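>>> whatever this is, show me its structure:
(one chain, ligands or ions: 1)
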Amino acid sequence: MTSLIRLIGVSTTDLTGSTVLLNNISLHIDHGQIIGLQGRSGAGKTTLLRLLNRLQEISQGTIFYNEKALNKYPIQQLRQEIVLVPQEPKLLGMTVEESLIYPLELQKVSKTECQRRRIRACDIWEVPSDWLDRNELQLSVGQRQLVTLVRATMLSPRILLLDEPTSALDPALAQRVLTQLKLINQENGTTMVMVNHTPEYLESFCQRIFTLNQGQLEQEMTLKKN
Ligand SMILES: Nc1ncnc2c1ncn2[C@@H]1O[C@H](COP(=O)(O)OP(=O)(O)OP(=O)(O)O)[C@@H](O)[C@H]1O
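Residues are numbered from 1 along each chain as shown. Here you go, the predicted structure:
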């Protein structure tokens with residue numbers, strides 16, 4: 001099977017070019033896999049996710065997406081297919097309802113279809129209806145984290161990049177979120193790359209786990225049971 005994503009000797013630096021943030025990373029991610037990314041703070045996990053939807057550019061090496069160099073794709077198409085859920089959940093000054101449908105509106109999805117998908121997603125993810133009119137100041141960080149996750153899944157991306165998606169959630173909600181993500185992976189074949197600092201979550205959720213250390217790929221582990 002060909003890989004969906006393949007990194008060959010990928011490095012990247014900070015904006016000044018003076019500090020190497022990721023150094024000579026080679027790895028592959030297959031269709032429909034759930035990949036875990038772990039490592040200490042500052043190891044380069046977020047940076048690696050940002051390379052995968054070109055929020056940050058590489059300085060050396062090549063990233064292939066579907067056998068074609070990532071930088072050959074129109075950026076709009078790429079960001080529709082590869083969606084990053086960032087560590088800092090933001091609703092962009094909108095209400096929950098507005099922020100859930102905004103990315104779909106940008107894709108020119110009809111109002112009726114936006115609402116259909118919003119209702120279905122809120123149902124699946126058990127988003128309480130009294131959140132819909134709230135803005136981000138009226139939600140806890142964990143509640144905002146859930147909303148940004150729901151918003152990303154409503155786009156039905158091919159690849160979901162999840163930067164610590166459970167960091168602000170209580171353990172019960174974190175488990176529910178991981179179960180729901182797994183269901184989406186099984187039903188739609190969505191490939192996922194998840195950064196997480198909780199080893200139990202990575203071990204129960206992922207098929208392979210990459211460990212980064214000071215910008216280098218230190219270890220790759222395959223978990224047969226998932
Ligand atoms: N825009 C930037 N300019 C300069 N340095 C940066 C920039 N972004 C990240 N870094 C540095 O790159 C390194 C990797 O950061 P990154 O956010 O990828 O780490 P991380 O593994 O995701 O950490 P955490 O677990 O704390 O989120 C860190 O040393 C950080 O200080």
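>>> so Ile124 touches Val177, yeah?
No: with contact defined as CB atoms under 8 Å, Ile124 does not count as touching Val177 (11.3 Å). All C-beta spots, glycine's among them, are computed from the backbone N, C-alpha and C.
>>> with neighbour numbers in mind, choose between those two.
Neighbours per residue, other CB atoms under 10 Å: of Ile124 and Val177, the larger number sits with Val177, 20 against 14.
>>> from Ala69, how far out is that one?
Separation of Val177 from Ala69 (CB to CB, to the nearest Å) stands at 33 Å.
>>> okay, strands next: where are they in the protein?
Per DSSP state E, the chain carries strands over the ranges 3-13, 20-30, 34-38, 60-65, 68-69, 82-85, 159-163, 191-195, 208-213, 216-222.
>>> so which of the ones you listed is nearest the ligand?
Comparison of the strands of the chain against the ligand by CB to the nearest ligand atom identifies strand 20-30 as nearest, at 4.2 Å.
>>> C-alpha coordinates for that closest one, CSV please?
Taking Å, rounded to 0.1, in the frame of the first residue of the first chain, the C-alpha atoms of strand 20-30 are listed here in CSV:
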residue,chain,number,x,y,z
VAL,A,20,16.8,24.1,13.6
LEU,A,21,13.4,23.1,15.0
LEU,A,22,13.1,19.7,13.2
ASN,A,23,16.1,17.9,11.9
ASN,A,24,16.2,15.2,9.2
ILE,A,25,12.8,13.6,9.9
SER,A,26,11.9,10.6,7.7
LEU,A,27,8.6,8.8,8.3
HIS,A,28,5.5,7.6,6.6
ILE,A,29,1.8,7.6,7.5
ASP,A,30,-0.5,5.2,5.7
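>>> what's the angle from it to strand 159-163?
Here strand 20-30 points in a direction 140 degrees away from that of strand 159-163 (axes from the mean of the first three to the mean of the last three CA atoms, to 10 degrees).
>>> ok so, going back, now the strands of the chain as CSV including mean pLDDT, distance to the ligand and mean neighbour count?
Below are the strands of the chain laid out as CSV (pLDDT from 0 to 100; distance: least, CB to the nearest ligand atom, whole Å; neighbours: other CB atoms under 10 Å):
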stretch, mean pLDDT, distance to the ligand, mean neighbour count
strand 3-13, 96, 9, 19
strand 20-30, 96, 4, 18
strand 34-38, 97, 8, 25
strand 60-65, 97, 16, 17
strand 68-69, 96, 22, 10
strand 82-85, 96, 12, 22
strand 159-163, 97, 7, 24
strand 191-195, 97, 6, 24
strand 208-213, 97, 6, 19
strand 216-222, 92, 12, 13
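>>> how close does Asn135 get to Met154?
From Asn135 to Met154 the distance is 19 Å (CB to CB).
>>> which one of the two is surrounded by more residues?
Applying other CB under 10 Å to Asn135 and Met154 shows that Met154 carries more neighbours, namely 22 against 13.
>>> next one, pLDDT for the residue lying closest to Arg151 once chain neighbours are set aside please.
In this structure, Arg151 finds its nearest non-sequential neighbour in Leu100, 5.2 Å apart by CB to CB, 6 or more residues apart in numbering. On the pLDDT scale, Leu100 is placed at 96.
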